[in-house]
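Novice: Show me how the following folds:
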Amino acid sequence: MLETAAGTKIQNVLSALNRALASRDLDGALELFAEDCYWRDLVAFTWNIRTVEGKTAIRDMLEARLDEVKPGGWRLDDNEPAAHADGITEGFIVFDTAVARGYGYIRLKDGLIWTLLTTMHELKGYEEPKGRSRPFGAKHGEHQGEPTWAEDREAELAELGVTVQPYVLIIGGGQGGIALGARLRQHGVPALIVEKNERPGDSWRKRYKSLCLHDPVWYDHLPYIKFPDNWPVFSPKDKVGDWLEMYAKVMELNFWGRTEAKHASYDENTGTWRVVVERDGEKITIEPKQLVLATGMSGKPNVPTIAGQDRFKGVQQHSSEHAGPEGMEDKKVVVIGSNNSSHDICAALAEHGVDVTMIQRSSTHISRSESLLKHALGPLYSEQAVANGITTEKADLLVASIPYAVMANFEKPVFDAIREEDAEFYRQLEKAGFMHDFGPDDSGLMMKYLRRASGYYIDVGASQLIIDGKIKLESGAEVKELTEDSVVLENGREIPADVVIYATGYGSMNGWAADLISQDVADKVGKVWGLGSDTPKDPGPWEGEERNMWKPTQQGGLWFHGGNLAQSRHYSHYLALQLKARMEGIPTPVYGLQETHHLS
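Specialist: Purely as a prediction, here's the structure:
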């Protein structure tokens with residue numbers, strides 16, 4: 001009965017919204033929204049990834065886009081029951097536009113629209129060939145004697161990028177590039193992935209030996225093919241690498257390994273890129289219309305400049321270069337940094353009996369993986385969630401339906417519960433000297449990730465090693481200099497060292513654009529990642545979305561794609577639709593193009 005009442009309430013609002021938008025009655029439409037309201041759109045209305053906040057912003061968006069979008073058919077999804085709790089009525093919705101079918105989520109507060117998510121689900125006339133429309137495969141009758149599937153595939157592999165130009169060139173063959181390649185393949189968009197490593201998955205295989213995913217398996221599926229039911233909850237890096245290699249093969253992705261992009265330039269007159277790559281020692285020029293940098297959300301390795309680096313006689317390496325503890329058993333290792341990579345590296349070294357010291361320069365958020373799974377991810381991404389009918393796709397939309405402007409309010413109760421449940425764990429960490437925080441507004445790990453992509457560790461065991469003293473800790477001081485055989489801190493402490501590992505993070509992704517294209521283009525695009533929250537390492541002004549990710553940039557034909565596995569999976573869908581529409585010549589006027597406020 002409650003579900004029926006909630007559904008009726010939502011349908012009444014949707015019907016009123018449908019009538020108002022159909023008659024271009026903006027005043028009538030806005031009367032349906034609360035004063036504190038948010039409309040998050042993933043491509044459907046804006047050909048962008050954009051959140052408009054408040055009635056004035058919603059009016060501006062509708063005035064600019066309504067005549068072309070021509071939305072209609074707003075209704076509750078009949079297959080998904082609506083719900084009402086704590087004063088909020090919510091449910092999944094369906095709608096249409098002139099060129100697409102849409103899907104979304106709505107929340108009502110006091111009978112008015114509080115949050116509205118609209119997403120482009122598929123382009124009309126360009127639906128993916130799946131289900132009842134899947135390809136036939138076999139060639140009989142009048143098609144007998146034509147090239148087989150394997151022969152067609154061999155021809156494609158031989159021609160694409162050589163005699164036939166791809167419409168999209170994806171630079172980077174990690175999970176981001178592979179997920180997008182799979183989406184584009186299903187949309188019939190000719191795409192080529194180039195990767196400097198030899199095989200798909202090598203970007204995982206070549207990382208430090210102990211690396212595992214810190215997110216659970218239900219959160220990490222790739223598009224179209226989910227991990228099997230016997231897959232580990234936390235995937236070891238080599239299993240991830242093998243999975244990506246298998247996936248690229250069975251999804252028939254056009255993947256060039258041992259290929260390094262050397263230079264790219266854009267012809268504004270023809271809207272074409274010229275990208276010079278080196279493949280097995282041969283220079284090849286590729287001319288795509290769209291260029292996607294899927295080179296890793298974290299960007300280029302950041303190695304700080306420290307006095308004495310030139311006189312240090314030991315080994316210095318960034319965490320991205322660190323292979324593991326082998327050969328370091330008799331060394332004194334100092335790891336500078338205190339986030340995920342530092343903890344993983346220190347733990348592996350300590351477990352191999354290596355004398356290792358972590359240098360913690362600033363406070364770090366820690367969440368135990370069990371607690372994070374139970375309180376934060378479990379309701380949407382877990383075996384129980386699957387049993388409750390929450391598919392990965394549904395979970396992705398529920399996460400996407402929360403505007404970033406209010407997400408911290410959703411996260412705070414989660415991390416309040418974690419703080420209370422794990423109080424003794426945090427007490428022991430602090431007793432060991434570890435500086436710990438829950439973010440500038442106590443919203444925890446997820447907001448730190450979204451704002452700055454750093455400043456946290458998901459604990460899978462290293463914290464106990466710190467508590468037990470097996471990982472030595474120096475906290476609260478910057479590094480002053482290196483001597484021939486030590487690291488000297490600003491507080492005067494001197495730590496003997498044979499090896500220094502810089503677990504000091506990464507710069508903005510537009511650093512790749514600077515190297516590949518030009519500094520001018522990198523500056524034109526501006527900083528990649530961050531919400532503009534005006535919190536540490538995420539300078540304002542407020543953006544409301546991740547800067548320059550999965551959406552048009554100030555440089556025509558240039559896109560950035562990446563993030564964790566969940567983001568690569570989810571947002572590859574919307575990036576693929578944007579690229580497909582452009583290939584097919586569908587008008588894609590962008591509303592609210594990303595402005596440039598910060599260069600890096």
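
Novice: these two touch, right, residue 481 and residue 308?
Specialist: Yes - applying C-beta atoms under 8 Å, one finds residue 481 in contact with residue 308, separated by 4.2 Å. C-beta coordinates here come from the backbone N, C-alpha and C atoms, glycine included.

Novice: which neighbours do the two share?
Specialist: Both residue 481 and residue 308 are in contact with residue 488, where contact means C-beta atoms under 8 Å, 6 or more residues apart in numbering.

Novice: Which residues belonging to the top strand by length along the chain are considered buried?
Specialist: In the chain, taking DSSP state E as the definition, the longest strand is strand 112-123. By neighbour count on 16 or more other C-beta atoms under 10 Å, the buried set for strand 112-123 is 113, 114, 115, 116, 117, 118, 119, 120, 121, 122, 123.

Novice: so who does the fifth one touch?
Specialist: The neighbours of residue 117, taking C-beta under 8 Å, 6+ apart as the test, are 40, 41, 42, 104, 105, 106, 397, 400, 401.

Novice: need the buried residues of strand 112-123 in a markdown table with distance to residue 83, can you?
Specialist: Shown next, in a markdown table, are those (distance: C-beta to C-beta, whole Å):
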| residue | distance to residue 83 |
| --- | --- |
| 113 | 16 |
| 114 | 14 |
| 115 | 14 |
| 116 | 16 |
| 117 | 15 |
| 118 | 19 |
| 119 | 20 |
| 120 | 25 |
| 121 | 22 |
| 122 | 26 |
| 123 | 30 |
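
Novice: and of the residues you listed, the nearest to residue 563?
Specialist: Closest approach to residue 563 among the buried residues of strand 112-123 (C-beta to C-beta): residue 119, at 16.8 Å.

Novice: residue contacts, the closest one?
Specialist: 41, 42, 43, 44, 102, 103, 104, 397, 400, 574.

Novice: rerun at 6 Å
Specialist: Counting by C-beta atoms under 6 Å, 6 or more residues apart in numbering, residue 119 touches 42, 44, 103, 104.

Novice: for residue 216, same thing?
Specialist: 233, 373.

Novice: where do the strands sit along the stretch 251-400 of the chain?
Specialist: Taking DSSP state E, counting those that start in this stretch, the strands of the stretch 251-400 of the chain run over residues 255-256, 259-267, 272-279, 282-286, 290-293, 315-318, 332-336, 355-360, 365-368.

Novice: ranking the ones you listed by burial, who's on top?
Specialist: strand 290-293 (a mean of 26; mean count of other C-beta atoms under 10 Å).

Novice: what pairs with that one, and is each one parallel or antiparallel?
Specialist: strand 168-171 (parallel), strand 558-560 (parallel) (DSSP bridges).

Novice: can you put those strands in JSON lines and add distance to residue 514, mean neighbour count and mean pLDDT?
Specialist: Converted to JSON lines, the strands paired with strand 290-293 look like this (distance: least, C-beta to C-beta, whole Å; neighbours: other C-beta atoms under 10 Å; pLDDT from 0 to 100):
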{"stretch": "strand 168-171", "distance to residue 514": "14", "mean neighbour count": "26", "mean pLDDT": "98"}
{"stretch": "strand 558-560", "distance to residue 514": "12", "mean neighbour count": "24", "mean pLDDT": "98"}
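
Novice: between these, which gets nearest to residue 85?
Specialist: Using C-beta to C-beta, the strands paired with strand 290-293 put strand 558-560 closest to residue 85, at 37.2 Å.

Novice: pLDDT score assigned to residue 298?
Specialist: At residue 298, the predicted lDDT confidence score is 58.

Novice: And the contacts of the helix or strand of the chain with the lowest mean pLDDT?
Specialist: Least confident helix or strand, the chain: helix 202-205 with a mean of 89, by mean pLDDT, DSSP states H and E. The contact list for helix 202-205 (C-beta under 6 Å, 6+ apart) reads 174, 197, 237, 238, 240, 241.
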